[in-house]
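> Give me the fold of what follows.
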Amino acid sequence: MKSLQLLICLAFLSVAATTHADTINLSWNPNTEADLAGYAVSYGTQPGVYVSSFDSGKNTSQAVSNLANGTRYYFVVKAYNTSGTYSLASVEVSGVAADPVPTLPPTVPAGPLPASGSAAVSPAVVLNWTASAYAASYDVAFGKTNPPAVVSSSQTATTYQPAALTAGTTYYWQIVAKNAKGSTSGPVWSFTTAVAGTVVPVAEYSFNEGTGTTTIDASGSGRTGAVSNATWSTAGKNGGALSFNGSTSRVTVADAAAL
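From the prediction side, this is the model:
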């Protein structure tokens with residue numbers, strides 16, 4: 001079968017106040033062979049790595065919904081015929097899912113890692129939090145006093161790495177989510193660093209994200225895992241889980257001296 005030319009444009013999904021999802025609209029030139037049966041669309045967040053796919057029937061355009069805000073996605077399309085033979089993939093195209101102009105202030109920052117009240121945290125901790133719906137940027141407050149002082153303003157990342165911390169010390173931190181409609185402050189969280197000589201985990205994963213292609217290192221060491229060919233589940237022994245197929249499923253963590 002013939003290969004296809006794939007085009008791409010960005011569009012926004014109209015969402016209710018409690019949702020936070022974006023859409024990328026795809027279109028491609030039709031395959032004109034008489035035995036055409038349909039098209040298969042594959043995509044992922046890395047070039048050449050397509051972890052999701054769906055059948056578009058004979059449609060030559062498709063809205064791909066429920067994408068992560070600010071994330072670049074890569075797409076290819078293949079045609080298939082009535083015998084089940086697939087064409088070569090189209091040229092890969094990519095686009096970034098972007099939020100519509102916000103109509104509400106951001107939701108309250110949540111999901112701190114390390115969890116509030118954690119003890120024996122590595123002094124090299126990287127702070128993580130769950131992205132707030134409708135947030136355009138964040139202020140980070142951090143320090144030994146409560147309330148803490150702002151140490152980073154208007155950053156877009158949902159991570160922050162403090163300078164070297166003192167062992168056996170309690171620290172406080174707070175996130176303020178911002179957009180054009182206003183700002184929303186999260187609660188003040190805290191953790192205590194490990195006493196010198198304490199053994200701390202080099203990585204820890206709860207698999208509670210529920211969706212996406214990454215899993216956060218709950219130890220605070222910043223070793224985010226890349227999820228490939230695994231299925232998210234809510235049926236974990238304690239919260240969420242990942243289901244592995246026994247062959248191609250994996251979580252990959254970048255090499256580091258501590259591992």
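> Do me a favour and get the end-to-end distance for stretch 105-123?
34 Å (CA to CA, to the nearest Å).
> I misspoke; the intended subject was stretch 122-132.
Using CA to CA, one end of stretch 122-132 lies 26 Å from the other.
> Same check on stretch 186-204?
Its start and end residues considered, stretch 186-204 measures 24 Å (CA to CA).
> now swap in stretch 153-173 and tell me
Taking CA to CA, the first and last residues of stretch 153-173 lie 14 Å apart.
> Ok, stretch 194-213 next?
Between the opening and closing residues of stretch 194-213 there is a gap of 31 Å (CA to CA).
> all strands of the stretch 1-150 of the chain, in order?
Along the stretch 1-150 of the chain, the segments classed as strands by DSSP state E, counting those that start in this stretch run 6-11, 22-28, 36-44, 52-57, 61-67, 72-81, 93-96, 110-113, 118-121, 127-130, 137-143, 149-155.
> can I get those in CSV with mean neighbour count, mean pLDDT and distance to Gly222?
From N, CA and C alone the C-beta is placed, and that goes for glycine too. Compiled in CSV, the strands of the stretch 1-150 of the chain are given as follows (neighbours: other CB atoms under 10 Å; pLDDT from 0 to 100; distance: least, CB to CB, whole Å):
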stretch, mean neighbour count, mean pLDDT, distance to Gly222
strand 6-11, 14, 38, 30
strand 22-28, 21, 86, 26
strand 36-44, 19, 93, 23
strand 52-57, 13, 93, 26
strand 61-67, 16, 88, 25
strand 72-81, 21, 92, 21
strand 93-96, 16, 88, 24
strand 110-113, 19, 93, 10
strand 118-121, 18, 91, 12
strand 127-130, 20, 94, 8
strand 137-143, 20, 97, 15
strand 149-155, 13, 96, 15
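> which one of those lies closest to Leu165?
The closest approach between Leu165 and any of the strands of the stretch 1-150 of the chain, judged by CB to CB, belongs to strand 118-121 at 8.5 Å.
> hmm, back to that, distance to Arg223 added to the strands of the stretch 1-150 of the chain, as TSV?
Below are those laid out as TSV (distance: least, CB to CB, whole Å):
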stretch	distance to Arg223
strand 6-11	32
strand 22-28	28
strand 36-44	21
strand 52-57	24
strand 61-67	25
strand 72-81	22
strand 93-96	25
strand 110-113	12
strand 118-121	14
strand 127-130	11
strand 137-143	20
strand 149-155	21
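> who's Ala226 bridged to?
Thr214, Thr252 (DSSP bridges).
> pretty sure it contacts Thr252?
Yes - the pair formed by Ala226 and Thr252 meets the contact definition of CB atoms under 8 Å, at 4.6 Å.
> Which residue of the two possesses the greater neighbour count?
For the pair Ala226 and Thr252, the greater number of neighbours falls to Ala226 (15 against 10), based on other CB atoms under 10 Å.
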